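>>> Sharing a sequence plus its predicted fold:
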Amino acid sequence: MTGLDSLAGRARSIGRGLAVTAAAGAVAGAAATGYGLWEKNQFVLREETLPILPPGFGPIRVLHLSDIHFVPGQQRKAAWLSSLAELEPDLVVNTGDNLSHVKAVEPLLESLRPLMKFPGVFVPGSNDYFAPRLKNPASYFLGPSGKPKDPAPLDWPRLRAAFGMGGWVDLTNRCQSLIIRGLRVDFSGVDDPHLGLERYAGWPRGTKGQDSRPHLRVAVIHAPYQRVLDHFTEDDADLLLAGHTHGGQICVPGFGALVANCDLPTWRAKGLHDWDSKGHTTPVNVSGGIGTSRFAPVRIACKPEAVLLTLTARS
C-alpha cells in the first residue's frame, strides 16, 4: 500500500467516524425533542407547607398558578386547569403570562372558570401584553430576553376584565385586603418587572405597625428580579409569590436549571426558598410554570406545575 493509499484509508475512516457521530447526535437530539414534547403535558401539583400565619388561625390553602401560556387546542392543559378546582383552595394566585396566542383568551377563560368560584388575585406578565416571537434559544444564555421588537398585542384588557368580573382582584401596581378564613390578608402587587413596569403601591392602609388585628402580608410578582424581592422583603412581606422562570424549562437531571431569564440565581429558578435583604427574611415561592412559549413547546427534567401552599399558624 502506498502512502497515498494509507492517507486515503485514514480519511475514509475519519469520515465514517464523523458520520456516525453526527448521526448519533441527530438521534439523541430527536429523542430529547420527543421527550420534551411529551413532558410538557405531564402536569403535576407541587405541595408545600409554610408556618407563617398568626397563632390561633386554621390552615389557608393557596393555589399558585403561573405561566399558563395558553394556545387554542390545548385540551389536555385546559382539562387539567379545570380539574384543579377539585382542590377547593381558599385562594387562587395567578402570577401572569397566561397567553401565548392572540385567540387564546376565550378558551383560557373557559378552562379557568371553575377556579373563579374561589377568591383570587392576579398580576400580568409580558406574555399577557404581547405574543411571543420565534427566537434563538441560545440567546437566553446571554441574559434576560427583554421586550420583543414590534410585538403583536394580546387582548389583556379583555382577560383582565374577565378576571375582575369573575371576582379576582387586579394587583397591577396596586394593593388590596381580603378576608380569607377569618384572617385579613393584605396584598401588594406590581406590573411585570421584566418590562420594568413595577411601581410599588405599598400595603393597604393600617397594615404596618397594626397590632390590634392579626394579618398576613403577601406580595404578588410575575418576574422575580432581585430588586423587587429586596423591596418587598425589606417592606416586611410575609410571603412572596412569583413565576416567569419556567423553572428553567430545559434542565439537566441532577443539576437543575441552566437559565432563569432574569437575574435570579439558577438554583432559585423554581421552588420555595428564603430571601434575605438587609436583615429581613421572607419566603418566596417561584412557580416552575404550567406552559411554554408556543415556539419552544418542550420541557426536560422540569414538569409543568401548579403549586398548592398550605399556610399554617406559627408555633
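In hand now; what should we look at? Residues are numbered from 1 along each chain as shown.
>>> Show me the helices in the stretch 201-315 of the chain, by range?
226-234 (DSSP state H, counting those that start in this stretch).
>>> contacting residues for the residue nearest to Asp128 when sequence neighbours are not counted?
Distances taken as C-beta to C-beta, 6 or more residues apart in numbering place Trp156 nearest to Asp128, at 4.6 Å, with adjacent residues excluded. (C-beta placed from N, C-alpha, C; glycine too.) Contacts for Trp156 were tallied using C-beta atoms under 8 Å, 6 or more residues apart in numbering; they are Leu99, Pro124, Asp128, Tyr129.
>>> Hmm, Pro193 and the second one touching each other?
No: in this structure, Pro124 sits apart from Pro193 without contact. The criterion is C-beta atoms under 8 Å, and the distance is 11.3 Å.
>>> what touches both of these two?
Contact criterion C-beta under 8 Å, 6+ apart; residues shared by Pro124 and Pro193: His222.
>>> Between these two, point out the one with more neighbours.
Pro124 (28 against 25; other C-beta atoms under 10 Å).
>>> Can you tell me how far that one is from Leu272?
Noted for Pro124: a distance of 23 Å to Leu272, by C-beta to C-beta, to the nearest Å.
>>> which intervals of the stretch 1-150 of the chain have sub-threshold pLDDT?
1-33, 135-148 (pLDDT under 70).
>>> circling back to that earlier point, now the buried members of the contacts of Trp156.
Neighbour counting by 16 or more other C-beta atoms under 10 Å classes Leu99, Pro124, Asp128, Tyr129 among the contacts of Trp156 as buried.
>>> three-state assignment of the second one?
Classification of Pro124 into helix, strand or coil gives coil, according to DSSP: H, G, I helix; E, B strand; the rest coil.
>>> can you pull out the strands in the stretch 151-300 of the chain?
For the stretch 151-300 of the chain, applying DSSP state E, counting those that start in this stretch gives strands covering 168-170, 175-180, 183-189, 215-220, 239-242, 251-252, 256-257, 271-277, 280-286.
>>> do the same with the stretch 1-150 of the chain
Assigned by DSSP E, counting those that start in this stretch, the strands in the stretch 1-150 of the chain fall at 44-53, 60-65, 91-94, 120-122.
>>> and the last one, how far out from the chain's middle?
Taking C-alpha atoms, centre = their mean, to the nearest Å, one finds the center of strand 120-122 at 14 Å from the center of the full chain.
>>> Residues touching it, excluding its own?
When contacts are defined by C-beta under 8 Å, 6+ apart, strand 120-122 is touched by residues 91-96, 163, 166-171, 176, 178, 187, 189, 220.
>>> just the third one next, same as before
Judged by C-beta under 8 Å, 6+ apart, the contacts made with strand 91-94 from elsewhere in the structure are 60-66, 115-116, 118-123, 163, 168, 178, 180, 185, 218, 220, 241.
>>> Now stretch 300-309: average pLDDT?
For stretch 300-309, mean pLDDT rounds to 98.
>>> May I have the beta-bridge partners of Val169?
Counting by DSSP bridges, Val169 is bridged to Val121.
>>> could you list every residue that touches the residue most central in space within the chain?
Centroid-nearest residue in the chain: Gly243, 2.8 Å away (criterion: C-alpha atoms, centre = their mean). Neighbour list for Gly243: Ser66, Asp67, Thr95, Gly96, Asp97, Gly125, His222, Ala223, Pro224, Val286, Ser287, Gly289 [criterion: C-beta under 8 Å, 6+ apart].
>>> give me the number of residues near the fifth one?
By that I understand Asp97. Neighbourhood size, Asp97 [other C-beta under 10 Å]: 29.
>>> Then the second one?
Asp67: 28 surrounding residues under other C-beta under 10 Å.
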